[in-house]
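**Q** I need the structure of the sequence given here:
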Amino acid sequence: MLLLFLLPQFVISQDTITISKPIRDNGSVLVSNEETFALGFFSPGKSTYRYVGIWYYKAPDNPVVWVANRDRPINDRSGVLSIDVLGNLVLHVKDRNTPIWSTTTNIVSKSRNNETHAQLWDSGNLVLFHNETSKVLWQSFDYPTDTMLPYMKLGLDRTTGLNRILTSWKSKDDPGTGNCSYKLVTNGSSPELFSYRGNARWWRSGHWNGQGWSGVPALASPNLLYNFSMVNNQTEITTSWIVLQPSLFSRLVVNESGSIERFIARERDSQKWVSVGSVPSNLCDNYGKCGAYGKCELQNGTEFECTCLPGFRPNSQNEWTARNASGGCVRKRGEASVCKRGEGFAKVENVKLPDSSVARLDSNMSLMECEQQCLDNCNCTAYGSVKEEAGCMRWYGSLMDTRVLTGGQNLYVRVDALELGALILAQLGPKLKQTTVWIEDYPVELQGNGKGFFANKRRLAIMVVVLLVTSILLIFLFAHWLIKRKKNGRRKQPTFFNDVTVSSTTFQDSRKLDESRRKPDLPVFEISTILAATDNFSPDKKLGQGGFGPVYKGQLDNGQEIAVKTLSRSSKQGTQEFMNEVMLIAKLQHRNLVRLFGCCIHKEEKIGYMSPEYAMEGLYSIKSDVFAFGVLTLEIISGKRNNHYHVGSPCLNLIGHVWDLWMEGKGLEIVDSLLGEAYPAHEVSRCVHIGLLCVQEQATDRPTMAEIVFMLGQ
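**A** As a prediction, this is how the structure comes out:
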């Protein structure tokens, strides 16, 4: 509680000071229109010095919110606050010509000394006006001390260069300029609020996200008590707030320790002021607690744990072990490892985003575009969204002051290819440990009992195993499987063709047709020959419609007339039936049968799968093909199509069925039964894992093709 020593007060009825109506240190005070604030002389705490200040008039404890002569106190009660001949508001004492304190407005000449007046508003703002024009010449809100009130602005006036900041008192008995301050820092693309101890940063609010400060999600607008705002234009960059309940008094104070505390009290209530929050509120709130590229997480309310962001390790392990993480972290394999060498981004969830003084902000850019912009610039260390996956922030320097935060945002940190591969393989949880290749890792953690601070659990764990000898081995494995299925007549999946399609590769995979192609009585034509003969399958050349598809009339270069029977995609008959008819007619010769003159099969076209974002929103990216690759990978392993119904499974497609089995630790149960036990379990498990990573619903969660190649090569 702040005690004020005042003489018995008598109230001046007006709320205005003029050249003929000064305020003297004889117990008189100036009171605002609705008796919310008072202006007069006071002595704080145990001090006997006299100061001119503004305080809540009828609120509990009458807290002082502004002091005029904070660094030049008066040692007696001879002070007078008045308007001088130049129109300035001045504080002076008897027998002294030099003012103790004054405003600096010198636009009024001596001959017009009665043209200004000062008025105390119910907002707590003391305003100096020009009488004739009502122009504001000076106001106390532009020169705050330790307290911020509703409607008061913090920040920079770009026209005048005035920067409004809060500065603590030296002590409860001395309102002189203290060592701690609270200011809006505007040297980055996104301004942030900082508290300082001297020149050292002590706390940071996080960037402005349009509704509030990202590092203080509990105070985001709208809420029941406050509405926060930010103005950033050519004339100013400022922040302010208002109270939504008129019956409440509210103030924000920076104290001598550097903490920022917010108080409320009900109007004319006899109860004391109530603190509704202060910052820093815990050790992780302290600026840069875990240094550059470090992340702070609160443990049990009082203890905390420092860890390095993905791809980094402690700069000095000895310092971390000695309970000092301020040195931060450094990249495990150097900065060159993340420049055009297959690098990517690791997702760090629910954090207060790093200091934005080295960040660039673009509110209109999507998160996918943001990722690409960051990836293209080797100096970009991380990216994130401005708010709820909207807008783009990219960091081009050290990531400072990152902490785990309830209601926080996602940060995507640039990591090298090795780190990225290990993280992707591990992201589905403990069930995947058997398929994880551990790369050089340096985990650090704080013990719950405080012993062994940041105990070093450094493990150089290049564990076991290249799970795929080579990707070529995998290709041979599936090729063998396909041939075996064909031999046993078990392959029943339909093949999708263009209207006139058959594939030379399909024929080559068939031993029967390979034999047929070597027979002199069954020549094979090039597609260009057939296109020329039928005038590109002109509708005018169409003879009719068969069970397999349209039949066209054509003429070869040598004048031979032919009929071309095609296999249509819409045909209810498949490749096998078409091939059987080709083989049968080729072997039969009869005068009443049309002779098979030859065949042509060209460019079989497989239709892939559309990703969810493309199917639902029409959004296409490099991650869309990754989704299709994942579905096809799971189809190849299982021998079933994605829309195949699985008896006993609640899922209606292959993806859901595989996911359920995987989470139950039964991922290998999807393998085609035709393979029996003749397959390397670890390699197939790895492929299932990669397939599941590729079919994740969010495009940002899927790996890139470069990352897939990396994982297949491990």
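**Q** now do the same end-to-end measure for stretch 352-370.
**A** Using C-alpha to C-alpha, to the nearest Å, the end-to-end distance of stretch 352-370 comes to 19 Å.
**Q** you'd agree Asp660 is in a strand?
**A** No. According to DSSP: H, G, I helix; E, B strand; the rest coil, Asp660 belongs to no strand; its state is helix.
**Q** What's the local residue count around it?
**A** 15 (other C-beta atoms under 10 Å). Quick note: C-beta positions are derived from backbone N, CA and C, even for glycine.
**Q** so how far is the host helix or strand of Arg686 off the chain centroid?
**A** Using DSSP states H and E, Arg686 sits within helix 681-694. Distance of helix 681-694 from the chain centroid (C-alpha atoms, centre = their mean, to the nearest Å) equals 29 Å.
**Q** can I get the CA coordinates of that helix in PDB?
**A** What follows is helix 681-694, C-alpha atoms only, in PDB (Å, rounded to 0.1, in the frame of the first residue of the first chain):
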ATOM      1  CA  ALA A 681       9.800 -57.600 -41.700                       C
ATOM      2  CA  HIS A 682      11.900 -54.500 -40.800                       C
ATOM      3  CA  GLU A 683      11.900 -53.300 -44.400                       C
ATOM      4  CA  VAL A 684       8.200 -53.700 -44.900                       C
ATOM      5  CA  SER A 685       7.500 -52.100 -41.500                       C
ATOM      6  CA  ARG A 686       9.600 -49.100 -42.600                       C
ATOM      7  CA  CYS A 687       7.500 -48.900 -45.900                       C
ATOM      8  CA  VAL A 688       4.200 -49.000 -43.900                       C
ATOM      9  CA  HIS A 689       5.500 -46.300 -41.700                       C
ATOM     10  CA  ILE A 690       6.500 -44.100 -44.700                       C
ATOM     11  CA  GLY A 691       3.100 -44.800 -46.300                       C
ATOM     12  CA  LEU A 692       1.300 -43.600 -43.200                       C
ATOM     13  CA  LEU A 693       3.400 -40.400 -43.000                       C
ATOM     14  CA  CYS A 694       2.500 -39.600 -46.600                       C
END
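**Q** any idea how far the helix or strand following that helix is from the chain center?
**A** Along the chain past helix 681-694, the next helix or strand (assigned with DSSP H and E) turns out to be helix 705-712. Centroid displacement of helix 705-712 relative to its chain, using C-alpha atoms, centre = their mean, is 25 Å.
**Q** Packing partners of helix 705-712?
**A** Secondary-structure packing of helix 705-712 (3 or more C-beta pairs under 8 Å, 6 or more residues apart in numbering; DSSP states H and E): helix 417-426, helix 471-487, helix 624-638, helix 681-694.
**Q** Mean pLDDT per helix and strand in the protein: which one sits at the bottom?
**A** strand 444-445 (a mean of 31; mean pLDDT, DSSP states H and E).
**Q** before we move on, the earlier item: what are the buried residues along the helix holding Arg686?
**A** Within helix 681-694, the residues scored as buried using 16 or more other C-beta atoms under 10 Å are 682-694.
**Q** other SSEs contacting that helix?
**A** Helix 681-694 packs on helix 471-487, helix 624-638, helix 654-663, helix 705-712, going by 3+ C-beta pairs under 8 Å, 6+ apart.
**Q** and the angle from that helix to helix 654-663?
**A** Using axes from the mean of the first three to the mean of the last three C-alpha atoms, to 10 degrees, the inter-axis angle of helix 681-694 relative to helix 654-663 is 130 degrees.
**Q** Output the buried residues of helix 681-694 in TSV; the columns should cover pLDDT.
**A** Shown next, in TSV, are these (pLDDT from 0 to 100):
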residue	pLDDT
His682	83
Glu683	85
Val684	87
Ser685	87
Arg686	86
Cys687	90
Val688	90
His689	89
Ile690	90
Gly691	90
Leu692	90
Leu693	89
Cys694	90
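**Q** Specify the beta-bridge partners of Thr147.
**A** Val253 (DSSP bridges).
**Q** can you give me how far the longest strand seen in the chain is from the chain middle?
**A** Longest strand in the chain, counting residues (DSSP state E): strand 174-185. In this view, strand 174-185 has its centroid 32 Å away from the chain centroid, taken as C-alpha atoms, centre = their mean.
**Q** Can you convert the buried residues of helix 681-694 into a markdown table and add a column each for distance to Ile74?
**A** Putting the buried residues of helix 681-694 into a markdown table (distance: C-beta to C-beta, whole Å) gives the following:
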| residue | distance to Ile74 |
| --- | --- |
| His682 | 84 |
| Glu683 | 86 |
| Val684 | 87 |
| Ser685 | 82 |
| Arg686 | 81 |
| Cys687 | 83 |
| Val688 | 82 |
| His689 | 77 |
| Ile690 | 78 |
| Gly691 | 80 |
| Leu692 | 76 |
| Leu693 | 73 |
| Cys694 | 76 |
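**Q** from those residues, which is closest to Tyr396?
**A** Leu693 (29.2 Å; C-beta to C-beta).
**Q** these two touch, right, Pro217 and Gln409?
**A** No. Pro217 lies out of contact with Gln409 (C-beta atoms under 8 Å); the separation is 9.2 Å.
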